[in-house]
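Visitor: Fold the stuff below for me.
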Amino acid sequence: MTQETSSGQYQSAEAAPLARPAESGPGAATEGVVPAPGETWLNRNVIGMGVTSFLSDAGHEAATSVLPAFLTSIGAPPIALGTIEGVADATASFVKLGAGWVSDRLGRRKAITVGGYALTGVAIASFALAVTWPMVLIGRVVGWLGRGIRGPLRDAMLAESVPAEARGKAFGFHRAGDTLGAIVGPLIAVGLLALLQPMGVAGSAAFRVIFAATLIPGLGAAVAFAAMVVERRRAPQPSLPLMATVRGLPRSFRRFLVGVGVFGAGDYAHTLLILAATELLAPTYGLVRASQIAALLYVGHNVLYAAASYPIGALSDRLGRRGLLALGYLLGALVSLGLVAAFAVPVADVGFLLALFALAGTFIAAEDSLEGALTADLIEPEVRGTAYGVVGTVNGLGDLAASVIVGGLWTLVSPAVAFGYATLAMLAGAVLIYRLR
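Guide: Residues are numbered from 1 along each chain as shown. Purely as a prediction, here's the structure:
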């Protein structure tokens with residue numbers, strides 16, 4: 001069972017005694033290891049996972065930053081982008097629960113995680129071959145299948161690699177490394193566009209070059225995880241039942257999932273944020289120039305994401321995670337409200353859009369750092385893989401609803417109405433998380 005401490009954090013009331021490894025070394029697999037209080041949190045595993053996520057995000061964020069403009073260049077409507085992101089996220093969510101549960105049964109996670117990173121890298125690079133938006137959809141789905149497989153396993157390994165009182169720091173550091181890649185990726189995309197234009201490579205052809213180049217960091221991520229991360233293995237649980245395990249998760253965790261799911265129903269993919277900036281700026285700057293500016297705005301988004309991730313995680317170790325997560329969700333609602341105003345006026349001001357992108361990066365930092373750390377606070381180590389899979393499933397289903405609904409309302413009604421819906425859903429999620437006990 002779990003109980004909330006005075007600082008708003010959760011800890012197990014029936015925690016097993018902490019174990020120390022019998023042996024250590026680069027190749028040693030440790031059985032049932034839980035880091036002791038006071039053990040350093042910035043260790044080989046935390047650094048290795050940070051490097052891995054840096055490379056992976058550098059690849060797929062380079063592709064993401066130009067994907068809206070690429071889809072526009074081949075004649076795809078806004079609902080196509082929402083469908084691509086929503087279906088891909090839903091696919092990832094469906095495999096997260098199964099992958100987490102299987103890893104709890106096997107007691108091993110590393111090999112499956114490496115395979116997930118490799119699959120994502122190859123799939124994202126396949127966008128270079130797409131001539132219609134359904135082909136992009138297939139590549140995105142396959143890529144996010146790999147992402148869904150690796151996500152809960154990596155998070156469980158990260159939680160097991162650090163002492164409980166430093167989880168916020170570890171998850172914040174990981175998200176910062178992840179987001180540094182998300183800064184570098186769009187910059188690479190913008191730089192390649194600038195280099196290719198004088199060579200006569202423009203439009204969809206330039207975007208295809210960028211997609212192909214993402215294969216290098218994509219596969220590099222799999223190599224880095226394999227080489228740098230040492231697995232802390234647990235005893236296999238071959239008889240661990242899936243549904244009984246899910247039903248047995250703590251009630252406080254289930255209430256947490258409700259807030260996560262409601263917020264997620266409005267948490268549209270941030271490629272729609274890039275598309276919004278591109279559409280608002282295109283009448284003034286033209287499509288290619290607007291796509292470059294939107295990509296640079298996304299870099300600003302990711303700078304704030306990287307800069308805020310560790311401080312937010314570290315602050316949550318001191319003040320508790322629930323209130324900070326609710327505040328992060330509230331920032332998400334404010335971003336969506338700002339986009340309502342931008343399309344209603346309309347506003348094609350780069351400074352205003354930069355402010356929205358910066359707030360968006362901050363709320364994503366809170367969301368990604370604190371949801372993962374709070375899950376570890378609420379769940380016993382033996383079933384954390386399953387629990388992270390459940391969180392991933394709820395987030396994925398929410399992302400599917402958000403991206404399809406926002407993209408659909410955008411196409412069928414107006415972008416202002418689409419982001420108005422997102423504002424209300426995010427605000428409701430913030431209230432539910434704030435009221436969590």
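
Visitor: from here on, contacts and neighbour counts on C-alpha atoms
Guide: Noted.

Visitor: which residues of this structure score low on pLDDT?
Guide: Applying pLDDT under 70 to the chain flags residues 1-39, 200, 202, 233, 437.

Visitor: Now A92. Nearest residue, chain neighbours left out?
Guide: G148 (4.1 Å; C-alpha to C-alpha, 6 or more residues apart in numbering).

Visitor: host element of that neighbour?
Guide: Secondary structure from DSSP states H and E places G148 in helix 133-160.

Visitor: Which elements pack onto that helix?
Guide: With contacts taken as 3 or more C-alpha pairs under 8 Å, 6 or more residues apart in numbering; DSSP states H and E, helix 133-160 sits against helix 44-73, helix 78-106, helix 110-125, helix 167-196, helix 350-378, helix 384-412.

Visitor: can you pull the contacts of the most centrally placed residue in the chain?
Guide: In the chain, the centroid-proximal residue (C-alpha atoms, centre = their mean) is D368; its distance is 6.3 Å. Shown in contact with D368 (C-alpha atoms under 8 Å, 6 or more residues apart in numbering): R175.

Visitor: what's the distance between it and P198?
Guide: D368 sits at a distance of 39 Å from P198 (criterion: C-alpha to C-alpha, to the nearest Å).

Visitor: With N43 instead?
Guide: As judged by C-alpha to C-alpha, N43 and P198 stand 46 Å apart.

Visitor: who's more crowded, these two?
Guide: More neighbours surround N43 than the other of N43 and P198, with 13 against 9 (other C-alpha atoms under 10 Å).

Visitor: hmm, who's touching stretch 152-164?
Guide: Identification of contacts with stretch 152-164 by C-alpha under 8 Å, 6+ apart yields 33-41, 43, 45-46, 49, 96, 99-100, 103, 109-110, 113, 167, 170-171, 231-232, 372-373, 376-377, 381, 384-386, 388-389, 392.

Visitor: For ChimeraX, write the selection for the buried entries among those residues.
Guide: Filtering those down to the buried ones (16 or more other C-alpha atoms under 10 Å) takes a single ChimeraX command:
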select :33,34,35,36,41,45,46,49,96,99,100,103,109,110,113,167,170,171,231,232,372,373,376,377,381,384,385,386,388,389,392
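
Visitor: re the thing from before, closest one to V431 among the helices and strands packed on helix 133-160?
Guide: Nearest to V431 among the helices and strands packed on helix 133-160 is helix 350-378; the distance by C-alpha to C-alpha comes to 14.4 Å.

Visitor: The closest one: which residues count as buried?
Guide: Those would be 353-378, for helix 350-378 by 16+ other C-alpha under 10 Å.

Visitor: Between helix 133-160 and that helix, find me the angle.
Guide: Orientation note: helix 350-378 sits at an angle of 50 degrees relative to helix 133-160 (axes from the mean of the first three to the mean of the last three C-alpha atoms, to 10 degrees).

Visitor: ok, then the element right after the longest helix along the chain?
Guide: With secondary structure taken from DSSP state H, the chain has its longest helix at helix 287-319. Counting by DSSP H and E, the next helix or strand C-terminal to helix 287-319 is helix 322-344.

Visitor: got the buried residues for that next one?
Guide: Neighbour-count burial for helix 322-344 [16+ other C-alpha under 10 Å]: 322-340, 342-343.

Visitor: now for that helix, which elements pack on it?
Guide: Partner elements for helix 322-344 (3+ C-alpha pairs under 8 Å, 6+ apart): helix 350-378, helix 415-434.

Visitor: Can you give the distance of it from its chain's centre?
Guide: Centroid separation for helix 322-344 versus its chain: 18 Å, with C-alpha atoms, centre = their mean, to the nearest Å.

Visitor: Give me the residues contacting it.
Guide: Helix 322-344 is contacted from outside by 8-9, 263, 267, 280, 312, 316, 347-348, 356-357, 359-360, 362-364, 366-367, 370-371, 374, 415-417, 419-420, 422-427, 429-431, 433-434, 436, using C-alpha under 8 Å, 6+ apart.

Visitor: and it with helix 350-378, angle?
Guide: In terms of direction (the same axes, to 10 degrees), helix 322-344 departs from helix 350-378 by 150 degrees.

Visitor: can you tell me how far the residue nearest to the centre of the chain sits from D178?
Guide: Distance of D368 to D178, computed by C-alpha to C-alpha: 11 Å.

Visitor: residues bridging contact with those two, i.e. touching both?
Guide: Here D368 and D178 have no joint contacts, going by C-alpha under 8 Å, 6+ apart.

Visitor: give the contact list for R44.
Guide: Taking C-alpha under 8 Å, 6+ apart as the test, what R44 contacts is M228, V229, V230.

Visitor: From those residues, pick the one nearest P217.
Guide: Of those, the one sitting nearest to P217 (C-alpha to C-alpha) turns out to be M228, at 15.7 Å.

Visitor: check contacts around that closest one.
Guide: R44, N45, G48, M49.

Visitor: now swap in R150 and tell me
Guide: So R150 contacts K96, A99, I112, T113, V114, G115, G116, Y117 (C-alpha under 8 Å, 6+ apart).

Visitor: Thank you, goodbye.
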